[in-house]
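# predicted structure and sequence below. I'll ask about it afterward.
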Amino acid sequence: MNKPSKCFECDVGIYEEVTIDYLSQLSGGRSCVTRDVVIQRCNHCKSEMLDSKASKMIESNIELNFPGYYDKWKNRAKSVKLGEQL
């Protein structure tokens, strides 16, 4: 994030970059921790926002630890793009 922006949730605070270990809760009771993810967090209400780089980092880590995890959704997205009924 180039300059601090006003929080979309509380409209009072501003987003600041913080580095966290991000916990993803997955289906089937599984979880996955992605270390050192840079996110934006509001300095007032603590609302968090992930940019595309953080999202890709998390998705890549999930795919590394749970190969094929996203296949069901990828196939569903392809079907919808082709106009098929699910």
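Received, thanks.

# so where's this structure uncertain?
Within the chain, the ranges that satisfy pLDDT under 70 run 1-4, 73-86.

# what about the strands in it?
Remark: strands assigned in the chain by DSSP state E are 15-25, 31-42, 48-49.

# packing partners for the longest one?
Right, strand 31-42. Using 3 or more Cβ pairs under 8 Å, 6 or more residues apart in numbering; DSSP states H and E, the elements in contact with strand 31-42 are strand 15-25, strand 48-49, helix 52-65. Bear in mind the C-beta positions are built from the backbone N, C-alpha and C, glycine included.

# dump those to TSV, plus distance to Cys7 and mean neighbour count.
Listed next are the helices and strands packed on strand 31-42 as TSV, based on distance: least, Cβ to Cβ, whole Å; neighbours: other Cβ atoms under 10 Å:
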stretch	distance to Cys7	mean neighbour count
strand 15-25	6	13
strand 48-49	9	15
helix 52-65	17	14
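
# done for today, thanks.
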